[in-house]
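Student: quick check, what structure comes out for this input:
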Amino acid sequence: MDIRALTPDYAVSPQIDPADLPAIKAAGFVTVIDNRPDGEIAPHLHATAMRQAAEALGLTFVVNPVIGGMLTMDNVTAQGAAIAASSGPVLAYCASGNRSSVVWALANAGKRPVDELVGLPARFGYQLDHLRPQIEALAGKTA
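Tutor: Presented below is the predicted three-dimensional model:
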């Protein structure tokens with residue numbers, strides 16, 4: 001497990017395992033967002049199994065699969081809603097943490113400076129600079 005905190009309240013991670021969930025809870029996370037489609041992973045990591053393990057520990061579990069190269073505004077809206085609804089820190093995961101960073105950045109367009117939305121993920125190797133036009137366009141819609 002490799003948790004990368006973009007902010008004090010939002011972190012991303014490559015794929016987690018059900019066995020990681022007690023440590024995730026102990027680290028203070030209250031919501032886990034699964035941004036990985038089931039078709040990419042082994043059955044023991046599918047959303048249903050992960051949800052059961054997370055909820056057994058009292059964690060909120062949100063399924064928001066982001067298909068590589070096929071990100072939708074529904075994904076962005078769902079991510080933002082899950083973050084806003086959380087009563088505490090959120091951990092989102094996918095294959096590498098990149099998709100979870102992308103939907104976070106887009107969901108926060110207009111709420112944080114563009115340089116921050118691109119720069120915070122960059123500290124962990126997630127290069128989102130190519131998203132500047134989309135972030136700026138979304139920020140204009142929320143202004």
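Student: helix or strand right after the longest helix along the chain?
Tutor: Longest helix in the chain by number of residues (criterion: DSSP state H): helix 73-85. Per DSSP states H and E, the first helix or strand lying C-terminal to helix 73-85 is strand 90-93.
Student: what is the mean pLDDT for that next one?
Tutor: Across strand 90-93, the average pLDDT comes to 98.
Student: now the helices for the protein?
Tutor: 21-26, 47-56, 73-85, 98-107, 114-122, 132-142.
Student: check the ones you listed for me and report the most buried one.
Tutor: Most buried of the helices of the chain, by mean neighbour count (mean count of other CB atoms under 10 Å): helix 98-107, with a mean of 26. C-betas here are computed from N, CA, C, even on glycine.
Student: okay, that one in CSV with CA atoms only?
Tutor: Provided in CSV are the C-alpha atoms of helix 98-107 (Å, rounded to 0.1, in the frame of the first residue of the first chain):
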residue,chain,number,x,y,z
ASN,A,98,-3.3,8.8,-11.6
ARG,A,99,-7.0,8.5,-12.5
SER,A,100,-7.9,9.2,-8.9
SER,A,101,-5.7,12.4,-9.1
VAL,A,102,-7.3,13.4,-12.4
VAL,A,103,-10.9,13.2,-11.2
TRP,A,104,-9.9,15.0,-8.0
ALA,A,105,-8.3,17.8,-10.0
LEU,A,106,-11.3,18.2,-12.3
ALA,A,107,-13.8,17.9,-9.5
